[in-house]
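A.B. asks: Build me a model:
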Amino acid sequence: MSALLHVHGLARRFGGVEALAPVDLELAPGEALAITGPNGAGKSTLLACIAGEIAPSSGTVHLDGHDLSALAAHERARRGVARAFQRPALLPDRSALENVALGRLRYAEAGLAALLLGRSAAGAEHAAREAAALSALEQVGLQERARRLVSELSYGEQKRVDLARALVAEPRLLLVDEPCAGAGPAERAVIVAALAAARRAGAALLLVEHDPDVLDALAERRLALGAASSPPLASPPAPAARAEVSPTLAIDRLTVVARTGARVLDEVSLAVAPGEVVSVAGANASGKTTLLGAVTGQRRADGGQVTLDGAPIQGWPVHRRARAGVALADRGRALFQDLSVQDNLHTAVLGLTRAEARTRQAELLAGLPALADRLGQRVDTLSGGEQQLLAVARAGLARPRLLLADEPTLGLDAAAAAAVRSLLLRLAEAGVAVLITEQAPSGVAHRQLHLAGGRLSAP
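C.D. replies: This is a model prediction of the structure:
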């Protein structure tokens, strides 16, 4: 079968940094090719260059014999290129159904405004688009959540909505970036089945994924980017439990109720001492992110109490909690993408003198060459692992009393995950109380708790 996709010499440099070394590949309709390699090898950059989101420094992309080089991303989408992102790129204040229906606009005559406003002028076109979106959501197991706002969905559900939006376009070329990152076994099976169905329908699949079982299930061929990675560094062993001290963070019978009346958190209690790392593990939609949000003030609690060094902080706004020493390394990273690594780090030390800020940054970066060597580089040119490391480093640079990290190693390869875990332990050794959430225990914590059905328990 003749190839649908031809990529020749595709490369991207950001200043003096080679984000993507020249790549050549071909992909036939219905075929799957897995792109592998360590964090920073250029996997996501390759997908972005093919989709038209980033202009390559050199090389060409042909789809079915047509040169796409001069076409913008939306023009490539109309020719049948669809993308599912590493981090869901969705409209949080719109429903899952509306977000997925946006992927159908390559067929639209009425356009985006008619879709979002629901104008009757869209007529049958609007109804057909909605029916196709419902079908795509069914493929990823979310038909029952179609009318829920994206902001009310778990991270795993948002990832599946993002995939459904790509599938609804009935693409000829499907670019998928780590679709199973953070997914539990049941979600992973649904995602694999949906991608396999797209292949059977004739879509060529270009896949980035770290999970070897997913790669084995979906891809006949693999293309490795970047130099062979060295054996991953193991995280240093967690220090022995410390003597009893007053906790930095104390949560007592914390309750959060969803709009549906369901208890997202049901009388959750825990404590984290200075120098201690506590992990809360649980599946997607178990309430882990809600728990951290209730501590930072981003999520309103409906009952219970949160104290910081003995002082009740319930009712305090987010900025007051931050000034009191609560820092968050968010799963979405919340970095300034168009600023440099240095500029992002600087936001954590705005109240210090220049000399104090330099000293503190030098101490933190002493063991982080991946960041120290990239201070002048724009954040949007970093790999996913480098961005996650930056998010944790920025939070730690503020020298908080309490550091919260939401799934800090999600989607990272072994070496990048080890670097993040090592940084968390360094911060704990400096006396910071650390509370992290995880899909499964990683071995970095002094104490491990499990969250399911809104209730917390020891494993």
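A.B. asks: Surely Ala101 is within a strand?
C.D. replies: No. Assessed by DSSP: H, G, I helix; E, B strand; the rest coil, Ala101 does not belong to a strand; its assignment is helix.
A.B. asks: burial measure for the residue lying closest to it once chain neighbours are set aside, as a count.
C.D. replies: Closest residue to Ala101 in three dimensions, ignoring its sequence neighbours and counting by C-beta to C-beta, 6 or more residues apart in numbering: Ala133, at 4.1 Å. The C-beta positions use only the backbone N, C-alpha and C, and glycine is treated the same way. Here the number of neighbours of Ala133 (other C-beta atoms under 10 Å) works out to 27.
A.B. asks: buried stuff in the helix or strand where Ala133 lies?
C.D. replies: Secondary-structure element containing Ala133, defined by DSSP states H and E: helix 123-139. Of all the residues in helix 123-139, those buried under the rule 16 or more other C-beta atoms under 10 Å are 125-126, 129-130, 132-134, 136-137, 139.
A.B. asks: neighbours of the closest residue to Val326 other than its chain neighbours, just the number please.
C.D. replies: Sequence neighbours aside, Leu402 is the residue nearest to Val326 in space, at 5.0 Å (criterion: C-beta to C-beta, 6+ apart). For Leu402, the neighbour count with other C-beta under 10 Å is 23.
A.B. asks: next one: Gln387
C.D. replies: If you count neighbours by other C-beta under 10 Å, Gln387 ends up with 21.
A.B. asks: Does it touch Phe336 like I think?
C.D. replies: No. Contact status for Gln387 versus Phe336: not in contact, 11.1 Å apart, counting by C-beta atoms under 8 Å.
A.B. asks: Name the residues contacting each of the two.
C.D. replies: Taking C-beta atoms under 8 Å, 6 or more residues apart in numbering as the contact rule, Gln387 and Phe336 both touch Val379.
A.B. asks: now Val168: how far from Ala417?
C.D. replies: Taking C-beta to C-beta, to the nearest Å as the criterion, Val168 is separated from Ala417 by 33 Å.
A.B. asks: among the helices and strands of this protein, which has the poorest mean pLDDT?
C.D. replies: helix 112-117 (a mean of 54; mean pLDDT, DSSP states H and E).
A.B. asks: Can you name the residues bridging to the residue nearest to Val326?
C.D. replies: The residues paired with Leu402 through beta bridges, assigned by DSSP bridges, are Val326, Ala433.
A.B. asks: got the contact list for it?
C.D. replies: Each residue near Leu402 by C-beta under 8 Å, 6+ apart is listed here: 248-249, 272, 295, 308, 325-327, 432-435.
A.B. asks: Export the residues you listed as TSV, with columns for distance to Asn99.
C.D. replies: Supplementary listing: the contacts of Leu402 in TSV, determined by distance: C-beta to C-beta, whole Å:
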residue	distance to Asn99
Thr248	39
Leu249	35
Val272	36
Val295	29
Leu308	37
Gly325	36
Val326	31
Ala327	31
Val432	37
Ala433	37
Val434	34
Leu435	31
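A.B. asks: now, which of those residues sits nearest Ala198?
C.D. replies: Within these, the smallest distance to Ala198 is 38.8 Å, found for Leu435 (C-beta to C-beta).
A.B. asks: Tell me how many other residues crowd that closest one.
C.D. replies: Counted with other C-beta under 10 Å, the burial measure for Leu435 works out to 26 neighbours.
A.B. asks: separation between it and Leu195?
C.D. replies: From Leu435 across to Leu195, the span is 35 Å (C-beta to C-beta).
A.B. asks: And Leu63, by the same measure?
C.D. replies: With the distance defined as C-beta to C-beta, Leu63 ends up 19 Å from Leu195.
A.B. asks: If you count surrounding residues, which of those two has more?
C.D. replies: Under the criterion of other C-beta under 10 Å, the comparison of Leu63 against Leu195 puts Leu195 first, with 29 against 22.
A.B. asks: Now do Ala89, the pLDDT please.
C.D. replies: The per-residue pLDDT reported for Ala89 equals 85.
A.B. asks: Any stretches of the protein with poor pLDDT?
C.D. replies: Scanning the chain with the threshold set as pLDDT under 70 gives 1, 16, 106-123, 227-244, 332-333, 459.
A.B. asks: Next one: the residue nearest in space to the middle of it from Leu134, what distance?
C.D. replies: Centrality entry for the chain: nearest residue to the mean C-alpha point is Arg87, 4.1 Å, by C-alpha atoms, centre = their mean. Here Arg87 is placed at a distance of 25 Å from Leu134 (C-beta to C-beta).
A.B. asks: okay, now Val349: neighbour count?
C.D. replies: Val349 - counted by other C-beta under 10 Å - has 19 other residues nearby.
A.B. asks: Doesn't it lie inside a strand?
C.D. replies: No. Secondary structure assignment places Val349 outside any strand; it is coil (three-state DSSP).
A.B. asks: Correct me if wrong: it contacts Ala355.
C.D. replies: No. Under the contact definition of C-beta under 8 Å, Val349 does not touch Ala355, with a separation of 11.0 Å.
A.B. asks: so the nearest residue to Arg12 once chain neighbours are set aside, which of the three states?
C.D. replies: By the measure of C-beta to C-beta, 6+ apart, the closest residue to Arg12 outside its immediate chain neighbours is Leu20, 4.3 Å from it. On the three-state scheme (three-state DSSP), Leu20 is labelled strand.
A.B. asks: ok, Leu20 touching Leu47?
C.D. replies: No. Leu20 sits out of contact with Leu47 when judged by C-beta under 8 Å, with a separation of 10.1 Å.
A.B. asks: The two: who's more crowded?
C.D. replies: Neighbour comparison, Leu20 and Leu47: the larger count goes to Leu20, with 25 against 22 (by other C-beta under 10 Å).
A.B. asks: all helices of the stretch 1-150 of the chain, in order?
C.D. replies: Counting by DSSP state H, counting those that start in this stretch, the stretch 1-150 of the chain forms helices over residues 43-51, 73-78, 96-102, 112-117, 123-139, given from the N-terminal end onward.
A.B. asks: Would you mind pulling the contact partners of the first one?
C.D. replies: Contacting residues not belonging to helix 43-51 are listed as 5, 7, 10, 12, 19-20, 23, 35-37, 54-56, 59, 61, 73, 76, 81, 83, 86, 173, 175, 177, 206, 208, 225, 383-384 [C-beta under 8 Å, 6+ apart].
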